[in-house]
Every structure is written in structure tokens, then in C-alpha cells.
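**Student:** structure for the following, please:
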Amino acid sequence: MGNGMSADLHTAATWSIVLSVLMIAAGVLAISVPLVAGVAVTAVVAWLLIISGVLHLAFAWRAGRASAVVWEILLGVVYGAIGFYLLARPLAGLASLTLAAAAYLLIEGILEFVLSFQLRPAPGSGWLLFDGVVTLVLAAMIWSTWPTSAVWVVGTLVGISMFFSGITRLMLSMAVRRVAA
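**Tutor:** Next up is the predicted model:
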């Protein structure tokens, strides 16, 4: 590698390490105060819905047929209304996101369970069965304690994801930095 490219790679890896440490810290913070993290996630989802609603309204005229224009306008209004509702009532939104997470985990667990039996003779299919069982147990835990689980589920899951993403990025960045040295 050329000296300039190696220096650029080293600098990029260093910044990636800094970002990794920040992601790890944010993950730990989210796990520490899951309600705050959950409300923050709810606010992000709310703004994404509002932006999506505005885009549906802005581009409704491109739909062509009158019925398609009406549907685009209706979608825009519904997305925007749900987004504003989530902003106005973040705890209710958080409870809804928690219920959606439980439903997602239930469906994922069932699909992993079924797939493990379809792949049964294949090596490693037992791990898929194990993953399906764990996912179903997690879904049941969230579902059975809903709506009180809303206080911790979304924030904790996001925090865990951020923490492990930060760890993964840190390990990869350190490996790149060693190669670039």
C-alpha cells in the first residue's frame, strides 16, 4: 500500500474506532435508561411517519389515475396523523411499538421453528430450533407483561443492538488499523 493510502486508511479506522466507542456508550446508556431510549425511538419513528406522510401528499399527483391520487392522499394523511399522535402521546406510541415487537418476535419464532423442522437432517438445524424457541419465549415474556413491558422492551432491545454493533465495528476497525499500520 502507498504511504498516503495507508495514512488515509489509518485515519478512517481511527474515526471508526471513535464512532464505535460512542455507539457502545450509547448502547449502555439506552440499556441503563430504557424508558428514555424507548421514547426517543418512538420520536424517531413518529418523525419518519410524518416525513413519509408529507412525501405521499407531495407526490400524490404523480399517481396518474384519480383513485390512485386519492389513495396516496389518504396514505399521507394516515401516516402524518399516526406520526403526530406518536409525538403527542409518546408513551402510548411506545406501548404500541412494544406490542409490534412482540408480534414480530412471535412470527419470527414460529418461522424459525418451522424452518428448523424442514432443515432437520442438515447440520446446525438444531441451532435454528434453539433460536426459534428462545425467540418465542422472548415474545411470550413481552406479550404476557404488556403494557408494563413497554417501559423496558424497546429501549433495551435498541441498546443491546447498539452495544453489539459498536463492539463489532470496534473489532473490525481495530483489525483494519493493524493492517494499515
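
**Student:** near the closest residue to residue 79 other than its chain neighbours, how many other residues are there?
**Tutor:** In this structure, residue 79 finds its nearest non-sequential neighbour in residue 53, 3.4 Å apart by Cβ to Cβ, 6 or more residues apart in numbering. (C-beta placed from N, C-alpha, C; glycine too.) For residue 53, the count of nearby residues is 20 (other Cβ atoms under 10 Å).

**Student:** and the residue nearest the centre of this structure?
**Tutor:** Centroid-nearest residue in the chain, with Cα atoms, centre = their mean: residue 158, separated by 6.5 Å.

**Student:** residue contacts, the residue nearest to residue 79?
**Tutor:** When contacts are counted by Cβ atoms under 8 Å, 6 or more residues apart in numbering, residue 53 is found next to 75-81, 83.

**Student:** for PyMOL, what selects the buried ones among those?
**Tutor:** To isolate the buried ones among the contacts of residue 53 in PyMOL, judged by 16 or more other Cβ atoms under 10 Å, type:
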select buried, resi 75+76+79+80+83
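
**Student:** export the contacts of residue 53 to CSV and tack on secondary structure, distance to residue 49 and pLDDT?
**Tutor:** Below are the contacts of residue 53 laid out as CSV (DSSP: H, G, I helix; E, B strand; the rest coil; distance: Cβ to Cβ, whole Å; pLDDT from 0 to 100):
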residue, secondary structure, distance to residue 49, pLDDT
75, helix, 11, 92
76, helix, 10, 93
77, helix, 11, 95
78, helix, 9, 95
79, helix, 5, 95
80, helix, 7, 95
81, helix, 9, 95
83, helix, 3, 94
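
**Student:** nearest to residue 44 among the contacts of residue 53?
**Tutor:** residue 83 (10.6 Å; Cβ to Cβ).

**Student:** do I have it right that the closest one meets residue 46?
**Tutor:** Yes - using Cβ atoms under 8 Å, residue 83 is in contact with residue 46, at 4.6 Å.

**Student:** same for the strand or helix carrying the residue nearest to the centre of the chain, what does it pack against?
**Tutor:** Per DSSP states H and E: residue 158 is located in helix 153-180. For helix 153-180, the elements it packs on are helix 3-32, helix 34-58, helix 90-118, judged by 3 or more Cβ pairs under 8 Å, 6 or more residues apart in numbering; DSSP states H and E.

**Student:** quick one: mean pLDDT for it?
**Tutor:** Averaged over helix 153-180, pLDDT sits at 83.

**Student:** what angle do helix 153-180 and the helix or strand where residue 128 lies make with each other?
**Tutor:** Per DSSP H and E: residue 128 is located in helix 125-144. Counting by axes from the mean of the first three to the mean of the last three Cα atoms, to 10 degrees, helix 125-144 points 140 degrees away from the direction of helix 153-180.
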